[in-house]
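> Here is my input; please provide its structure:
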Amino acid sequence: MDFRPLFRVAPGARVSLAEINPNAAAVGFDAEDKAAVKSSLERYREEMESFQYRLYADGSKSLLVVLQAMDAAGKDGVIRHVFSAMNPQGTRVQAFKQPTPAEAARDFLWRAHLHAPARGEVVIFNRSHYEDVLVVRVHELVPEEIWRARYEQINQFERLLSSNGTKILKFYLHIDADEQLARFKKRLDDPNRHWKISESDYTERKFWPDYIQAFEEAIEKTSTEESPWYIIPSNQKWFRNLAISQIITETMREMNLTLPMVKVDLEAVRQHYHAAKSQAEKIKQSSL
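Residues are numbered from 1 along each chain as shown. Reported below is the predicted structural model:
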C-alpha cells in the first residue's frame, strides 16, 4: 500500500487538522499483529539502507526530511526508529532550537541553508525553518507582514534546493491534545524520561489552537510538487513509523539511485591483486 496519496497535501489544498483523525491506521495492519508490523518496518528500513548507500556512493543527489509537530508528537521517535538503519557516515540530524545570536543576526533562512544536505547526504531537520512562521507567529515576535512574506521565501528556498538535486519530504506528525497530555504523563511517571520535561511543555500547550492554525496555514502555503507536506496520523506510534518509512522508501526508489561507474581498469586491478597474493604466498612459504 502506498501511503503517499493518502497523506500528501496537494498544492493549494485547504488544510483542516480537525478533520483528520490522528488515530487513523492503514487497512490491513493491526497493532496487535506485532510480527507483521515489525516485518514491514524492517523491510522498509533495509530498503532505505540500500538506497542511502547508493545515494552516498553516487554523490549527485541528496534527501532532506523535515519533521514538524506539536511537543511530544514523536519527532525523536521517528529519528530513532526510522533512520537508525542508515549509515551515519552519510546521514545527519539537525535540530533547530531558539536561534543563537549569530543566527538571529542573519536572515531566517541562513541557518537552514547552512545545514542543508550536501550531495550524497540524507539530512533530517528536527524542527526547521518553519519555526519562523510558527513560533514567531503565535508569540507575535515579528509583525504579520514579515512572517506572511516568509511563505513565499520558503517556497523559493526549497525550489532552489530542489533544482540542485535535493529531494525534500516534509512530515507533520498529527496528534491530538489528549494524546499529548498522556505522553506528558508518561514522562512524569518514567524517571528515564524526566530529562525531556520542560516548563515550556505546559506554557506552549496553552497556545494549542494558535499553533494548529499556524500549522494549517503553513502547510497550505508551502506544500508544493517539489517539496510536499505529508500529514501523518501519529497518535499510534507504530503506524507513524510505518507510514513515514514507506513514504521515504518509495520516494527514494523513484530517485533512480545507482552506483557510480567504475573509474579504474578492473582487469588491471585484478592482475595487481593476483600478483600481490602470489608474492604474499611466496613470502609465507619462504618463512616456513
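
> for this protein, which helix is longest?
Using DSSP state H, we find that the single longest helix of the chain is helix 34-58.

> Residue 234 contacts residue 176, correct?
No - at 9.6 Å, residue 234 and residue 176 do not qualify as touching, with contact defined as Cβ atoms under 8 Å. For the C-beta atoms, the positions are set from N, CA and C on the backbone; glycine is no exception.

> thought residue 241 was touching residue 81?
Yes - counting by Cβ under 8 Å, residue 81 is a contact partner of residue 241 at 4.7 Å.

> Please name every helix or strand in contact with the longest helix of the chain.
Helix 34-58 is packed against helix 75-82, helix 237-253, with contacts defined by 3 or more Cβ pairs under 8 Å, 6 or more residues apart in numbering; DSSP states H and E.

> Mean neighbour count, the ones you listed: which tops it?
helix 237-253 (a mean of 21; mean count of other Cβ atoms under 10 Å).

> I'd like the next helix or strand past that one.
Heading C-terminal from helix 237-253, the first helix or strand you meet, by DSSP states H and E, is helix 266-286.

> how far is that next one from where the chain is centred?
Centroid separation for helix 266-286 versus its chain: 47 Å, with Cα atoms, centre = their mean, to the nearest Å.

> State the mean pLDDT of that helix.
Throughout helix 266-286, pLDDT has a mean value of 92.

> circling back to that earlier point, average pLDDT for the longest helix of the chain?
For helix 34-58, mean pLDDT is 94.

> and the host helix or strand of residue 212, what other elements does it pack with?
For residue 212, the element it lies in under DSSP H and E is helix 208-222. The contact analysis (3+ Cβ pairs under 8 Å, 6+ apart) places helix 208-222 against helix 135-138, helix 144-163, strand 166-174, strand 229-233.

> The longest helix of the chain: which residues count as buried?
Across helix 34-58, burial judged by 16 or more other Cβ atoms under 10 Å covers 37, 40-41, 44-45, 47-48, 51-56, 58.

> so what sits against both of residue 241 and residue 81?
Overlap of the contact sets of residue 241 and residue 81 (by Cβ atoms under 8 Å, 6 or more residues apart in numbering) consists of residue 41.

> Just send the buried residues of helix 34-58 back as CSV, with distance to residue 198 too.
Listed next are those as CSV, based on distance: Cβ to Cβ, whole Å:
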residue, distance to residue 198
37, 31
40, 34
41, 29
44, 32
45, 30
47, 36
48, 31
51, 36
52, 32
53, 37
54, 39
55, 35
56, 35
58, 41
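
> between the residues you listed, which is nearest residue 15?
Distance to residue 15, by Cβ to Cβ, is smallest for residue 44 among those, at 26.3 Å.

> How about that closest one: what's its closest non-neighbour residue?
Excluding the flanking residues, the one nearest residue 44 by Cβ to Cβ, 6 or more residues apart in numbering is residue 245, at 3.8 Å.

> re the thing from before, would you reformat the helices and strands packed on helix 208-222 as a markdown table and include mean neighbour count?
Formatted as a markdown table, these follow (neighbours: other Cβ atoms under 10 Å):
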| stretch | mean neighbour count |
| --- | --- |
| helix 135-138 | 18 |
| helix 144-163 | 15 |
| strand 166-174 | 23 |
| strand 229-233 | 24 |
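
> nearest to residue 215, of those?
Minimum separation from residue 215 across the helices and strands packed on helix 208-222 (Cβ to Cβ) falls at strand 166-174, 6.3 Å.

> for stretch 276-288, the distance to its chain's centre please.
From the chain centre to the centre of stretch 276-288 is a distance of 52 Å (Cα atoms, centre = their mean).

> before we move on, what about stretch 209-226?
So, by Cα atoms, centre = their mean, the centroid of stretch 209-226 is 17 Å from its chain's centroid.

> List the buried residues for it?
Neighbour-count burial for stretch 209-226 flags 211-212, 214-224 (criterion: 16+ other Cβ under 10 Å).

> Of those residues, just say which sits nearest to residue 261.
residue 224 (32.9 Å).

> pLDDT score for that closest one?
pLDDT for residue 224: 98.

> For it, give me its contacts.
By Cβ under 8 Å, 6+ apart, the residues touching residue 224 are 11, 155, 158-159.

> try 6 Å this time
The contact partners of residue 224, taken as Cβ atoms under 6 Å, 6 or more residues apart in numbering, are residue 11.

> Any figure for the gap between it and residue 271?
53 Å (Cβ to Cβ, to the nearest Å).

> again, but for residue 111
51 Å.

> One more: residue 136?
Distance of residue 136 to residue 271, given as Cβ to Cβ: 64 Å.
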